[in-house]
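Asker: Just a sequence and a predicted model for now, questions to come.
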Amino acid sequence: MSNQKTSPILILLLISLLIFSCVFLNGKSVHSYLVEEAEINEASGIASSLKYPGILYTHNDSGGEAAVYVLNQIGLMPAKIILKGIENRDWEDIATCYDPKDKKPYVYVGDIGDNNSSHSSSFIYRFEEPEIKDTLILVHNIQKIEFVYEDGPRDAEALMVDPKTGDIYIISKRDNPAKIYQLSYPQSFTEVNTARLIGTLSYKWVVAADFSPSGDYILVKTYNQIYRYKRRPNKTVIEALMTKPKILPYELEEQGEAVAFDAKGKGYFTISEKAENTEVKLYYYR
């Protein structure tokens, strides 16, 4: 008989997939899972892993540890990724994307919060998705994308990376209407980049955004709504965001600031912060 041990990551993933199957065979289209890990108390972003379908990444916002937390689809935390030498000034969103050139899967962490619009520059930290073989993972090779907005500092909480091009998009939070900025690929890791204003939305208080894995759909989340935009062939991102969106189902969260497509682009996740009278919950919609 073999004494080889099964990875705890694999066990948690299999459990979550089994529960998922039971939920959706019973006809439910939305389900919530309690996130009991005490470290995750101000979740402000969420993204689906490219390397491990079914695994999610999340993080806390301003002043928290410079850590990305690994979750499975039922809210269990099998691992934590520490970004060595990096500060969490005001992390607000997270994304994943394959680099168009080297084809490797990367995680992008947006240190883009700026409540008073006073920061001289903002940052996006990029690192290759690590092997998840232990409960604590230290990442040292981190690329820093420093940038400024072409029209001055902005408070933003929505970051997404286009899987078709590698371009980064940031949507401001407090501007009315919300402003859409683009950092074109390839971004510099040595010089300060300039985020170009390319358009506006018809609303404000945008707190999260995400591309589907194919890049054909875009989610934009405010505190009250989740909008889905369809990106038709040969159309740009801004052209897609100028079309009429579909309003998707959403269980109102007291402090919900995160949204992400699942690994297949068929459903989407949200996660809430811990409030005075509520617990942190992971929601899945399909």
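Answerer: Arrived safely. Numbering: from 1, shown residues only.
Asker: Quick check: neighbours of the helix or strand Thr58 falls within in the sheet, parallel or antiparallel?
Answerer: Using DSSP states H and E, the element containing Thr58 is strand 56-60. Strand pairing for strand 56-60, determined by DSSP bridges: strand 43-48 (antiparallel), strand 67-71 (antiparallel).
Asker: who does the next helix or strand after the shortest one touch, helix- and strand-wise?
Answerer: In the C-terminal direction, the helix or strand that comes right after strand 67-71 (DSSP H and E) is strand 79-83. The criterion is 3 or more C-beta pairs under 8 Å, 6 or more residues apart in numbering; DSSP states H and E, and the helices and strands that strand 79-83 contacts are strand 67-71, strand 136-139. Just so you know, the C-beta spots here come from the backbone N, C-alpha and C atoms, and that holds for glycine as well.
Asker: Switch those over to JSON lines; also include mean pLDDT.
Answerer: Below are the helices and strands packed on strand 79-83 laid out as JSON lines (pLDDT from 0 to 100):
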{"stretch": "strand 67-71", "mean pLDDT": "97"}
{"stretch": "strand 136-139", "mean pLDDT": "98"}
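Asker: With distance to Ala208 added, can I get the ones you listed in a markdown table?
Answerer: Shown next, in a markdown table, are those (distance: least, C-beta to C-beta, whole Å):
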| stretch | distance to Ala208 |
| --- | --- |
| strand 67-71 | 16 |
| strand 136-139 | 23 |
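Asker: I'd like the distance from stretch 88-100 to the chain centre, please.
Answerer: Distance of stretch 88-100 from its chain centroid, counting by C-alpha atoms, centre = their mean, to the nearest Å, is 6 Å.
Asker: Now it: buried residues?
Answerer: For stretch 88-100, a neighbour-count test (16 or more other C-beta atoms under 10 Å) marks 88-98 as buried.
Asker: okay, it in PDB with CA atoms only?
Answerer: What follows is stretch 88-100 as a C-alpha-only set of coordinates in PDB (Å, rounded to 0.1, in the frame of the first residue of the first chain):
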ATOM      1  CA  ASN A  88      -0.200  47.100   1.500                       C
ATOM      2  CA  ARG A  89      -0.900  50.900   1.300                       C
ATOM      3  CA  ASP A  90      -4.400  50.500   0.000                       C
ATOM      4  CA  TRP A  91      -4.900  47.300  -1.900                       C
ATOM      5  CA  GLU A  92      -8.300  47.400  -3.600                       C
ATOM      6  CA  ASP A  93      -8.500  44.800  -6.400                       C
ATOM      7  CA  ILE A  94      -6.800  41.700  -7.800                       C
ATOM      8  CA  ALA A  95      -6.800  40.100 -11.300                       C
ATOM      9  CA  THR A  96      -5.100  37.200 -13.100                       C
ATOM     10  CA  CYS A  97      -4.000  37.100 -16.800                       C
ATOM     11  CA  TYR A  98      -1.600  35.200 -19.000                       C
ATOM     12  CA  ASP A  99       1.200  37.400 -20.300                       C
ATOM     13  CA  PRO A 100       0.700  37.700 -24.100                       C
END
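Asker: Give the buried residues for stretch 261-268.
Answerer: Neighbour-count burial for stretch 261-268 [16+ other C-beta under 10 Å]: 261-263, 265, 267-268.
Asker: try stretch 192-203
Answerer: Buried, per 16+ other C-beta under 10 Å, within stretch 192-203: 193, 195, 199-201.
Asker: Need the contact partners of that stretch.
Answerer: Here stretch 192-203 makes contact (C-beta atoms under 8 Å, 6 or more residues apart in numbering) with 121, 145-151, 170-171, 175, 177-184, 187, 220, 222, 238, 241-242.
Asker: Write the PyMOL selection for whichever of these are buried.
Answerer: With 16+ other C-beta under 10 Å as the burial test, the buried ones among the contacts of stretch 192-203 are selected in PyMOL as follows:
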select buried, resi 145+146+147+148+149+170+171+175+178+179+180+181+182+183+187+220+222+241
